[in-house]
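S.K.: structure of the sequence below:
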Amino acid sequence: MPFGPTVLLPGTAEQARGRPSSPRVSDTRPAHPPSGPPVSPHPARPVHTTPKLASHNPIQYGETVRLTKSTDIALRIAMRLAVLDDRGDAPTTREVAGAVQVPYTHAAKVVSRLQHLGVVEARRGRNGGLSLTRAGRTGSLGHLVRELEGVGDVVGCEDEPPCPLRAACRLRGALRTAQEAFFASLDPLSVEDLVGTPTGPLLLSLSPRPEG
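M.R.: Here you go, the predicted structure:
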């Protein structure tokens, strides 16, 4: 007979009641531990980290309202002509394109657009060339940019496929208001204002570069 009180091992009480005993860590340890560094009997606590979400959105949110390339070229050409007019120079389209470093074909299309808007005048002949009109020099910069940019949404509401919210979207209206505020901030300015120091001397220092 055993001496002393009877000691029930883990799981014995459950077995006595007809319940299956749950496996214990000590029951599942191998009789001969595998070779290698010792394993701590206390399991390591899991480290909870926040997973990094992969972005599949091609929109670059660092960029805000961005003018089209043709508007950018048009403003550069207008500024270059403004300072050359002060010296009595009338450059050709190719010379202006080389100075502001844009392809001639792009510059020719932009100059044609500026002529249509009454901003640039082109004279033919030996002493011909481009010059800025008075309206192009002193007119509202905001008005000019509106004409060059055209009417459209900041985002592609009508792209393919069109946005399903476009019929009743408050965001669309808010963005239009923000776009108009951007244009309105340019209304008090003119091309003449843009060519003051230090920009004017820099524009005069530009030398036409041949297309390579």
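S.K.: now for L189, how many residues are close by?
M.R.: Using other Cβ atoms under 10 Å, L189 has 14 neighbouring residues. Every C-beta, even on glycine, is put in place using the N, C-alpha and C of the backbone.
S.K.: who's in contact with it?
M.R.: 140-142 (Cβ atoms under 8 Å, 6 or more residues apart in numbering).
S.K.: do the same with D89
M.R.: D89 neighbours (Cβ under 8 Å, 6+ apart): G129.
S.K.: can you give me the helices for this protein?
M.R.: Using DSSP state H, the helices of the chain run over 12-16, 25-28, 69-87, 93-99, 104-116, 134-138, 141-149, 170-184, 191-194, 199-205.
S.K.: dump these to TSV, plus mean neighbour count and distance to D159.
M.R.: Formatted as TSV, the helices of the chain follow (neighbours: other Cβ atoms under 10 Å; distance: least, Cβ to Cβ, whole Å):
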stretch	mean neighbour count	distance to D159
helix 12-16	11	67
helix 25-28	9	60
helix 69-87	19	19
helix 93-99	21	32
helix 104-116	17	24
helix 134-138	16	33
helix 141-149	18	17
helix 170-184	13	13
helix 191-194	17	33
helix 199-205	14	36
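S.K.: shaky segments in this structure?
M.R.: By pLDDT under 70, the low-scoring segments of the chain are 1-65, 209-212.
S.K.: stretch 120-129: which residues count as buried?
M.R.: For stretch 120-129, the neighbour count (16 or more other Cβ atoms under 10 Å) marks 120-121, 129 as buried.
S.K.: can you put the helices of the chain in JSON lines and add distance to E160?
M.R.: Compiled in JSON lines, those are given as follows (distance: least, Cβ to Cβ, whole Å):
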{"stretch": "helix 12-16", "distance to E160": "67"}
{"stretch": "helix 25-28", "distance to E160": "61"}
{"stretch": "helix 69-87", "distance to E160": "22"}
{"stretch": "helix 93-99", "distance to E160": "34"}
{"stretch": "helix 104-116", "distance to E160": "26"}
{"stretch": "helix 134-138", "distance to E160": "37"}
{"stretch": "helix 141-149", "distance to E160": "21"}
{"stretch": "helix 170-184", "distance to E160": "17"}
{"stretch": "helix 191-194", "distance to E160": "37"}
{"stretch": "helix 199-205", "distance to E160": "41"}
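S.K.: so which of the ones you listed is nearest C157?
M.R.: Each of the helices of the chain has some distance to C157 by Cβ to Cβ; the shortest is helix 170-184, at 5.7 Å.
S.K.: which helices and strands does that closest one pack with?
M.R.: helix 141-149 (3 or more Cβ pairs under 8 Å, 6 or more residues apart in numbering; DSSP states H and E).
S.K.: can you list contacts of the helix it packs on?
M.R.: By Cβ under 8 Å, 6+ apart, helix 141-149 touches 67-68, 70-71, 74-75, 78, 113, 117, 119, 136, 183-191, 193-194.
S.K.: of the contacts of L189, closest to G173?
M.R.: Nearest to G173 among those, with distances taken as Cβ to Cβ, is G142, at 20.3 Å.
S.K.: gap between that closest one and R94?
M.R.: 30 Å (Cβ to Cβ, to the nearest Å).
S.K.: please apply the same query to F183.
M.R.: Counting by Cβ to Cβ, the separation of F183 from R94 is 31 Å.
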